[in-house]
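Undergrad: predicted model, plus sequence, below.
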Amino acid sequence: MSEVWSVWFLIGAALVFFMQCGFAMVETGFTRAKNAGNIIMKNLMDFCIGTPMFMLLGFGLMMSENYLFCFIGKPNMQLFTNFAENDWSSFVFNLVFCATAATIVSGSMAERTKFSAYCIYSAIISAVVYPIEAGWVWNPQGWLVQLGFVDFAGGAAIHSVGGTAALIGAIFLGPRIGKYDYDKDGKVTKVHAIPGHSLTLGALGTFILWFGWYGFNGAACTQLLGVGGLAAVFTTTTIAPAVAAVTTMFFTWCKNGKPDVSMTLNASLAGLVAITPTCATVDALGATIIGVVAGIIVVVVVEGLDVKLHIDDPVGAVGVHLANGIWGTLSDGLFNVESGVFYGGGFGHLGVQTLGEFTIVAWTAVCMLIVFSLIRKFHGLRASREEEVIGLDKLEHGIASSYAGFIMAPQVMTEGETGVGGLSAGASASVGDVPVEKAVPVAKGTTRPDAKFHMVTIVTRPSKFDELKHAMNDINVTGMTVANVMGCGVQHGNTEKYRGVPIEMTLLPKIKVDIVVSEVPVELVVTAAKEVLYTGHIGDGKIFVYDVQNVIKVRTGEEGYEALQD
């Protein structure tokens, strides 16, 4: 059985590694498309830079058997000098946890950080900041271990550390351009919502993280049954995030009038963070209460930082990881089935949890204040205004768009390529050999000189195009020109909210449909369009009607009424 649990230990480490994908998807979805490649790159390099740094220095500081003063390990480089007998399982497991702590910061500092500066930060936290405090918690000789501090899977050692670094990083950087309006004295007068470009990606990342969290919390289990067994850990790891998500859904529903999708996704992660330190020490009731409180905390902290303190955290990393890392660690002092306050254990264990959490947060805060101060002074921390406005993908990484394959570029056929109308390579028609007047019949006059023409331009959401097309076909309008455009506007008196902040003018994908009619009454076109486009929500679109002076069909030269007839 020891070999079985050893294999499970490594499988759990693989699940934790896969969580890097989850973090990347959540952060990408909750930010703008122009920075998607930068987000992916940062999450990749967190692990890739962290691996050699943890290998060379971090692992020794954290898990060395030669542990000095119950505070710090002495690196012995046994990873290189004694490969055959080294504890590689411990190295791999602690490495993926280290990468998790580092990547949390990416979200709060998103869309405005120099990539090179972020790489420097990632190397330092992986080599020094995380390994030293994690050794206090998990090295058998660590001083917090000696006191009886409980952090089974890293609520304090990982999430509080990442959340603290995220908060300090966001403060050092300042808000994204356009996030807040200021008066002449520099006081914030208005908060603007900057919605992420893909809640779908955010949801995908959330599900990946939840899946990986079963390894995150359960990998260290060495028994199946009982409190602290793998089955119980899976149970508490399921209850807390589910309850947290339900709590946030109803909380935002009551507070804002509608259930907030992005905040509910955050809440499930908040519940996972909160149950992380206690997953092996609490029962179902304790996990439920922890989840309820986590679901409220994440909303209060995310909105409080944004609206009250004006700290720009695009993905809610501080509310999810720092606030709920603290709550989860302290909750073990309340709900631990052996030593918690509500289970007859008194306040001693709660005091140890409080001391440990405070020390870890303080250590991280001091280290990151020094790190970010030095980076800002000697290298620069924030991207330039031009880079931020145009997008980090373009100017930091040289890619026009992370979604280039979704852009419908015009297809220009050249000689030698397959053409239209059955012409194969090498058999394309030559242009200019036959005068146009001889190639097609030409009729330049019109039999209805008194006909009037109107253009109806409709701007609406892309999802409505099929309904609009069928509605136009039903009233005998079969010709239209369609273009993808970006719409920018806001509906006064009907404010909607994103993460508790009113949504104002923002660029959103739209389609523009141009229809020119003569015989079909323009009122009929407008009425049919209104019927299929109306939903009552912001984004239904606009309809514009213009007078058209003349219509000319290029192929035949026909003008006026005849040019509209096919």
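TA: Happy to help now that I have it.
Undergrad: in its sheet, what does the lengthiest strand in the chain sit against?
TA: If you go by DSSP state E, the chain has its longest strand at strand 506-517. In the sheet, strand 506-517 lines up against strand 453-460 (antiparallel), strand 481-489 (antiparallel) (DSSP bridges).
Undergrad: pLDDT of the longest one, averaged?
TA: Strand 481-489 shows a mean pLDDT of 81 in the predicted model.
Undergrad: I'd like the next helix or strand past that strand.
TA: Note on strand 481-489: by DSSP states H and E, the next helix or strand toward the C-terminus is strand 497-498.
Undergrad: whichever helix or strand comes after that following strand pairs with which strands, parallel or anti?
TA: Per DSSP H and E, the first helix or strand lying C-terminal to strand 497-498 is strand 501-502. Sheet pairing of strand 501-502 (DSSP bridges) gives strand 497-498 (antiparallel).
Undergrad: now do the partner strand: distance to the chain's middle.
TA: 16 Å (Cα atoms, centre = their mean, to the nearest Å).
Undergrad: that one - what's its average pLDDT?
TA: On average, strand 497-498 scores 76.
Undergrad: which residues are contacting it?
TA: 193, 195, 256, 258, 260, 262, 503 (Cβ atoms under 8 Å, 6 or more residues apart in numbering). All C-beta spots, glycine's among them, are computed from the backbone N, C-alpha and C.
Undergrad: would you write a ChimeraX line that selects the buried entries of those?
TA: Selecting only the buried entries of these in ChimeraX, with 16 or more other Cβ atoms under 10 Å as the criterion:
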select :193,195,256,260,262,503
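Undergrad: from the contacts of strand 497-498, which is closest to residue 161?
TA: Proximity of the contacts of strand 497-498 to residue 161 (Cβ to Cβ) peaks at residue 262, which lies at 24.4 Å.
Undergrad: ok so that closest one is a helix residue?
TA: Yes - under DSSP: H, G, I helix; E, B strand; the rest coil, residue 262 sits within a helix.
Undergrad: about what we covered before: now do the following helix or strand past the longest strand of the chain: distance to the chain's middle.
TA: Moving toward the C-terminus from strand 506-517, the next helix or strand (DSSP H and E) is helix 522-533. Between the centre of helix 522-533 and the centre of its chain there are 38 Å (Cα atoms, centre = their mean).
Undergrad: so which of the strands paired with strand 506-517 gets nearest residue 42?
TA: Among the strands paired with strand 506-517, strand 481-489 sits nearest to residue 42 (Cβ to Cβ), with 26.5 Å.
Undergrad: near residue 340, how many other residues are there?
TA: Counted with other Cβ atoms under 10 Å, residues neighbouring residue 340 total 24.
Undergrad: excluding sequence neighbours, find me the nearest residue to it.
TA: Distance criterion Cβ to Cβ, 6 or more residues apart in numbering; nearest residue to residue 340, sequence neighbours excluded, is residue 334 at 5.2 Å.
Undergrad: need the contact list for the residue nearest to residue 75 when sequence neighbours are not counted.
TA: Leaving aside its sequence neighbours, residue 75 sits nearest to residue 60 (Cβ to Cβ, 6+ apart; 3.0 Å). Shown in contact with residue 60 (Cβ under 8 Å, 6+ apart): 73, 74, 75, 76, 77, 131.
Undergrad: after the host helix or strand of residue 270 comes which helix or strand?
TA: Residue 270 is part of helix 261-275 when elements are defined by DSSP H and E. Sequence-wise, the next helix or strand downstream of helix 261-275 (DSSP H and E) is helix 284-303.
Undergrad: could you export that next one as CSV, CA atoms only?
TA: Provided in CSV are the C-alpha atoms of helix 284-303 (Å, rounded to 0.1, in the frame of the first residue of the first chain):
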residue,chain,number,x,y,z
ALA,A,284,-19.0,18.2,6.3
LEU,A,285,-20.6,20.8,8.6
GLY,A,286,-17.3,22.6,9.0
ALA,A,287,-16.7,22.6,5.2
THR,A,288,-20.2,24.0,4.6
ILE,A,289,-19.7,26.9,7.0
ILE,A,290,-16.3,27.6,5.5
GLY,A,291,-17.8,27.7,2.1
VAL,A,292,-20.6,30.0,3.0
VAL,A,293,-18.2,32.5,4.6
ALA,A,294,-15.8,32.3,1.6
GLY,A,295,-18.7,33.1,-0.8
ILE,A,296,-19.4,36.3,1.1
ILE,A,297,-15.8,37.3,1.7
VAL,A,298,-14.8,37.1,-2.0
VAL,A,299,-17.5,39.5,-3.0
VAL,A,300,-16.8,42.0,-0.2
VAL,A,301,-13.1,42.0,-0.8
VAL,A,302,-13.2,42.1,-4.6
GLU,A,303,-15.7,45.0,-4.6
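Undergrad: for that helix, name the packing helices and strands.
TA: helix 230-256, helix 261-275, helix 324-335 (3 or more Cβ pairs under 8 Å, 6 or more residues apart in numbering; DSSP states H and E).
Undergrad: okay if I get the ones you listed as CSV plus distance to residue 386?
TA: Below are these laid out as CSV (distance: least, Cβ to Cβ, whole Å):
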stretch, distance to residue 386
helix 230-256, 35
helix 261-275, 29
helix 324-335, 36
